[in-house]
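A.B. asks: Here's a sequence, model it:
(chains A and B)
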Amino acid sequence: MSLVTVDGAHKAFGGLMAVRDVSFRLAEGELLALIGPNGAGKTTLFHLLSGFLAPDAGTIRFGGESLAGLRPHAICQRGMVRTFQITRPFHRLTVLENVLVGALERVAHRRMAVAIAEEVLTLTELADRADHMGHSLTLPDRKRLELARALATGPKVLLLDEVMAGLNPTETTRLIELIRTIHGRGVTILLIEHVMKAVMALAQRILVLNYGELIAEGTPGAVVQNPKVIEAYLGEGYADLEA
Amino acid sequence: MIQRLALGIGAGGALIVLPFLVSSVWQNLLITTLYFAFLGQAWNILGGYAGQLSLGHAAFFAIGAYTSVVLHTHLGISPWLGMFAGALLAALVSQAIGYLGFRFGLRGFYFILLTLAAAEILRLIALHLPLLGGYTGLFINFTPNPWQFQFKGKVSYYFVALGFLVVASAVVWLIERSKFGAYLVAIREDEDAAEALGVDTFRYKMLAYAVSAALTALGGTFYAYYQFYLQPNTILNIHHSVDIMIRPIVGGSGTILGPILGSFLLELLGEFSRTVFAAGAAGLYVVIYGILLILVVLFLPHGVYPTLLAWLRRAAGGHA
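C.D. replies: Numbers count the residues shown, from 1 in each chain, chains lettered A, B, ... in the order given. Here you go, the predicted structure:
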């Protein structure tokens, strides 16, 4: 069953068509990757899904309900939450307090929210930094914190915007494992990613965006062989390299 | 923990005996200190916790003051009740300003200008409304009756001001420990990130504005029945709005002790520069006061209280 349905989504900034006529479905329990060159419109599409921008045309449905006119918090409350590509920790709050904000979306009571936050911190391996300030974290920890906060809201759908960017290979491997664990718990995931190692390891299906248009869609194996994808994004020789 | 408790009891005891030990000049100074600490605490909810800087809180102050005085003089309603009518009216007006500001996404400087403009509009209304006495303002006849918020002697005013401050601080204390407080701080730190995590930023900013405005209005009633005189150019002046916000900023905005500490510091600083430099040249003390203020803001950007806390922690050998 499709949990998220995007039909003919359009978004232009002045003369620039950031997203044109994009349609796709995200099935419940799926792990879908969204790839494409810089400026292809991936993050804009996330803005549309999460309610930070309204589409000029087209509809986005979540669990059968149209998201038109809903502000981001309302979409989060319905169970779809996003992370930010450029991490946005609450600087003058501790890591625990950061995650607490997300947890309070699920339970109003502070003590119960703290319990949820601590559980999430353990899962995301941030528990030993619980009392560090948001501004003092290293980049890999900031990426984890983005993930932890979103997770604390108890989402059905997680929209991850380049959580692997800037990580070294070891950190990438650990984060792949973490995302797999989260997916294994029944969370539907849509991720934007440039790190192909992560995409190939995680994705069940891939969408490729170029100049705002969906140019390919399919299984990882098929997409990396697709000449259009190779030309627009992966470059000649990627398939050979992988093989 | 025991140290903090002892410190709290000590400070509380000192605040109770202090008015009986000092001259009437210092009693006056203490009342002003407590009353500005109260206003600072009210401002702190919106400005310090939610991070929405208001440079127009004089508006809510004036609404509180005028409402209770008008209800008292024309309808004989005790200011003890009238002050809640003023608080309600101030909360309503804050919702109108807040709607304009927050619905249309005004942030930072633009929100500051909006609050400033709103206070200015209110000043013009007060200047031209006969009911509020126009330019000359309103005088209140002194009839010593505690039920009418009028007291003989400064000590009573001192304890009323102290009571106000305790109530406002209790409100802030409760907010700090609630979901509401956690959301306000998240909004201050990063509004978009908060919104993405399910925080209805519009609603919570409106709520913070209402609570902040209502409390500020209560302070206006206190002022009216302490000064017995309301004049638009005095209380609806931008200087007054600055007076309200400067104490929590200096003391440490977004902390419960910041406005209190800031109020004591600035009152002492003001008094010190007045007495020491008054003999030199007229107005020199204002310049000195200004320079001291700049130094505080320059070297303690988060305010005195957080800096003090960091020093104490370092002195105790712990790491921040």
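
A.B. asks: A:D7 in helix, strand or coil?
C.D. replies: Following DSSP: H, G, I helix; E, B strand; the rest coil, A:D7 is assigned to strand.

A.B. asks: isn't it right up against A:T59?
C.D. replies: Yes: if you go by CB atoms under 8 Å, A:D7 and A:T59 touch, sitting 5.0 Å apart. In this view, the C-beta of every residue, glycine as well, is placed from N, C-alpha and C.

A.B. asks: Tell me if A:D21 really is in a strand.
C.D. replies: Yes: judged by three-state DSSP, A:D21 forms part of a strand.

A.B. asks: got a pLDDT number for it?
C.D. replies: With respect to pLDDT, A:D21 has a value of 94.

A.B. asks: That one: how many residues sit nearby?
C.D. replies: 14 (other CB atoms under 10 Å in any protein chain shown).

A.B. asks: what do you get for A:I116?
C.D. replies: A:I116, neighbours per other CB under 10 Å, totals 21.

A.B. asks: Nearest spatial neighbour of it, chain-adjacent residues omitted?
C.D. replies: Leaving aside its chain neighbours, A:I116 sits nearest to A:A103 (4.1 Å; criterion: CB to CB, 6 or more residues apart in numbering or on different chains).

A.B. asks: tally of neighbours for the one you found?
C.D. replies: Neighbour number of A:A103 under other CB under 10 Å is 29.

A.B. asks: how far away is it from B:L197?
C.D. replies: Look at A:A103 and B:L197: by CB to CB, to the nearest Å, they are 9 Å apart.

A.B. asks: what residues do the two have in common as contacts?
C.D. replies: A:152-153 (CB atoms under 8 Å, 6 or more residues apart in numbering or on different chains).

A.B. asks: Which parts of chain A are helices?
C.D. replies: Secondary structure of chain A (DSSP state H): helices at A:42-50, A:72-77, A:95-103, A:110-123, A:139-152, A:169-184, A:196-202, A:220-225, A:227-229, A:238-242.

A.B. asks: Dump those helices to CSV, plus mean pLDDT.
C.D. replies: Formatted as CSV, those follow (pLDDT from 0 to 100):
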stretch, mean pLDDT
helix A:42-50, 95
helix A:72-77, 97
helix A:95-103, 97
helix A:110-123, 95
helix A:139-152, 95
helix A:169-184, 94
helix A:196-202, 91
helix A:220-225, 89
helix A:227-229, 87
helix A:238-242, 58
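
A.B. asks: Please identify the most buried of those helices.
C.D. replies: helix A:95-103 (a mean of 27; mean count of other CB atoms under 10 Å in any protein chain shown).

A.B. asks: would you put the C-alpha positions of the helix or strand hosting B:L7 in PDB?
C.D. replies: For B:L7, the host element (DSSP states H and E) is helix B:2-21. Extracted in PDB, the C-alpha atoms of helix B:2-21 (Å, rounded to 0.1, in the frame of the first residue of the first chain):
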ATOM      1  CA  ILE B   2      22.400  22.200  50.100                       C
ATOM      2  CA  GLN B   3      24.500  25.200  49.200                       C
ATOM      3  CA  ARG B   4      21.900  26.400  46.800                       C
ATOM      4  CA  LEU B   5      19.100  26.000  49.300                       C
ATOM      5  CA  ALA B   6      21.100  27.900  51.900                       C
ATOM      6  CA  LEU B   7      21.800  30.600  49.400                       C
ATOM      7  CA  GLY B   8      18.100  30.800  48.500                       C
ATOM      8  CA  ILE B   9      17.000  31.000  52.100                       C
ATOM      9  CA  GLY B  10      19.600  33.600  52.800                       C
ATOM     10  CA  ALA B  11      18.500  35.700  49.900                       C
ATOM     11  CA  GLY B  12      14.900  35.300  50.700                       C
ATOM     12  CA  GLY B  13      15.500  36.300  54.400                       C
ATOM     13  CA  ALA B  14      17.500  39.300  53.300                       C
ATOM     14  CA  LEU B  15      14.700  40.500  51.000                       C
ATOM     15  CA  ILE B  16      12.200  40.200  53.900                       C
ATOM     16  CA  VAL B  17      14.200  42.200  56.500                       C
ATOM     17  CA  LEU B  18      15.900  44.600  54.100                       C
ATOM     18  CA  PRO B  19      13.100  47.200  53.800                       C
ATOM     19  CA  PHE B  20      13.100  47.600  57.600                       C
ATOM     20  CA  LEU B  21      16.800  48.400  57.800                       C
END
